[in-house]
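Engineer: The sequence and its predicted three-dimensional model are supplied below.
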Amino acid sequence: MPNHESLFCPRQSKRDHSGRTDFRREITLALLVKFCLLGILWWSFFAGQKVPVDAPGVARAAGSSAETLTGET
């Protein structure tokens, strides 16, 4: 049976020569989890969204002609 105290208390980090605690592992893990969650949120809400583009409408809004925007002459 595992010790319950070890499940809820974080491990003691190694101390370097200056006496400061090394948090590199904890920061890396936190950033990795954060980017994974952001990627999941983006994929679930925004990845499938496709916006139709109307070239003449964009040209009118930009004050140009549609041929200039599409590269046609």
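Structural biologist: Everything's here; your move.
Engineer: hey, let's count contacts and neighbours off CA atoms from now on
Structural biologist: OK.
Engineer: what is the mean pLDDT for the helix or strand that Phe35 is a member of?
Structural biologist: Per DSSP states H and E: Phe35 is located in helix 24-45. Helix 24-45 carries an average pLDDT of 94.
Engineer: Could you name the helices and strands sitting against that helix?
Structural biologist: Applying 3 or more C-alpha pairs under 8 Å, 6 or more residues apart in numbering; DSSP states H and E, we find helix 24-45 packed against no helix or strand.
Engineer: Kindly export it (C-alpha atoms) in PDB.
Structural biologist: In PDB, the C-alpha atoms belonging to helix 24-45 read as follows (Å, rounded to 0.1, in the frame of the first residue of the first chain):
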ATOM      1  CA  ARG A  24      13.200  23.300 -14.300                       C
ATOM      2  CA  ARG A  25      11.200  20.100 -14.300                       C
ATOM      3  CA  GLU A  26       8.100  21.700 -12.800                       C
ATOM      4  CA  ILE A  27       8.100  24.600 -15.200                       C
ATOM      5  CA  THR A  28       8.700  22.400 -18.200                       C
ATOM      6  CA  LEU A  29       5.800  20.100 -17.100                       C
ATOM      7  CA  ALA A  30       3.500  23.100 -16.500                       C
ATOM      8  CA  LEU A  31       4.300  24.600 -19.900                       C
ATOM      9  CA  LEU A  32       3.800  21.300 -21.700                       C
ATOM     10  CA  VAL A  33       0.400  20.700 -20.100                       C
ATOM     11  CA  LYS A  34      -0.600  24.300 -20.800                       C
ATOM     12  CA  PHE A  35       0.300  24.100 -24.500                       C
ATOM     13  CA  CYS A  36      -1.400  20.700 -24.800                       C
ATOM     14  CA  LEU A  37      -4.600  22.100 -23.300                       C
ATOM     15  CA  LEU A  38      -4.400  25.200 -25.600                       C
ATOM     16  CA  GLY A  39      -3.900  22.900 -28.600                       C
ATOM     17  CA  ILE A  40      -6.900  20.800 -27.600                       C
ATOM     18  CA  LEU A  41      -9.100  23.900 -27.200                       C
ATOM     19  CA  TRP A  42      -8.000  25.300 -30.600                       C
ATOM     20  CA  TRP A  43      -8.600  22.000 -32.300                       C
ATOM     21  CA  SER A  44     -12.000  21.500 -30.800                       C
ATOM     22  CA  PHE A  45     -13.400  25.000 -31.400                       C
END
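Engineer: Great, nothing more from me.
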